[in-house]
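1. Let me see the structure of the following:
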Amino acid sequence: MRKNPIFATIDYNSHGVQHGYLRLPYSRNDSAWGAIHIPITQVKNGIGACALLTGANHGDEYEGPLALVELAATLKPEDVSGTVIIIPFMNHPAFLAGTRVSPIDDLNMNRAFPGQPDGSPTQKIADYFQRTLLPMADVVLDFHSGGKTLDFLPFAASHALDDPEQQAR
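-> Next comes the predicted model:
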């Protein structure tokens, strides 16, 4: 399978706090050498489980991203045993536009999985998550809310996993 063009500006193996980007090269009319920059924070301290926390799968859902930005700004290595990876704006183009789907390719990130490394920008982002980030994680929390069209009462939900070993972890 083709390699995904996204690369992280942080080192997943380094300890401490790192703030950076997932950088997807993306040429457009206003920037021949442009890129989509998806903010990422990693807090790593010692050996332990890895938690992947994501928000803005849909760009019009603000509650999760705002909470994750605050967490990324305040979480310290001494608060962690293992690794926490925080991606507040998974679908950064949609978040910047305040739209549910990406304004670049009109795709719903939540429906783009498992993605394609040579597909549209949304498909490339989904592929990077699917093949790079998800295998690193022991637990994944993807924060959603109602967006512009729904009012949700506060609640939490999770999905049962097909892999019993992974579900047990």
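2. Report the spatially nearest residue to residue 81, omitting neighbours in sequence.
-> residue 48 (4.5 Å; CB to CB, 6 or more residues apart in numbering). Heads up, the C-betas are built off the backbone N, CA and C, glycines and all.
3. Would you enumerate the residues in contact with the one you found?
-> Contacts for residue 48 (CB atoms under 8 Å, 6 or more residues apart in numbering) come out as 80-83.
4. Counting neighbours, which of those comes out on top?
-> Sorting those by how many neighbours each has (other CB atoms under 10 Å) puts residue 83 first, at 22 neighbours.
5. Counting by contacts, list what the helix or strand containing it packs against.
-> For residue 83, the enclosing helix or strand under DSSP states H and E is strand 82-87. Helices and strands touching strand 82-87, by 3 or more CB pairs under 8 Å, 6 or more residues apart in numbering; DSSP states H and E, are strand 35-45, strand 50-54, helix 63-74.
6. Give me the sheet partners of it and which way each runs.
-> The pairing partners recorded for strand 82-87 under DSSP bridges are strand 35-45 (antiparallel), strand 50-54 (parallel).
7. neighbouring contacts of it?
-> Under the criterion CB under 8 Å, 6+ apart, residues 12, 22, 38-55, 68, 71-72, 75, 133, 136-138 lie in contact with strand 82-87.
8. Run a quick neighbour tally on residue 130.
-> When neighbours are defined as other CB under 10 Å, residue 130 has 17 of them.
9. Output the strand holding residue 83 in PDB, but only the C-alpha positions, please.
-> Extracted in PDB, the C-alpha atoms of strand 82-87 (Å, rounded to 0.1, in the frame of the first residue of the first chain):
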ATOM      1  CA  GLY A  82       2.400   6.700  29.600                       C
ATOM      2  CA  THR A  83       1.400   8.800  26.600                       C
ATOM      3  CA  VAL A  84      -1.500  11.100  25.800                       C
ATOM      4  CA  ILE A  85      -1.900  12.300  22.200                       C
ATOM      5  CA  ILE A  86      -4.300  15.200  21.800                       C
ATOM      6  CA  ILE A  87      -5.700  16.200  18.400                       C
END
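10. still on that earlier bit, spell out the secondary structure type for the residue nearest to residue 81.
-> Residue 48 carries the three-state label coil when classified by DSSP: H, G, I helix; E, B strand; the rest coil.
11. For residue 144, see how far away it is.
-> For residue 48, the distance to residue 144 (CB to CB, to the nearest Å) stands at 26 Å.
12. Equivalent analysis for residue 101, please.
-> Distance, residue 101 to residue 144, using CB to CB: 14 Å.
13. Between the two, which has more neighbouring residues?
-> Neighbours per residue (other CB under 10 Å) separate residue 101 from residue 144, with residue 101 holding more: 21 against 17.
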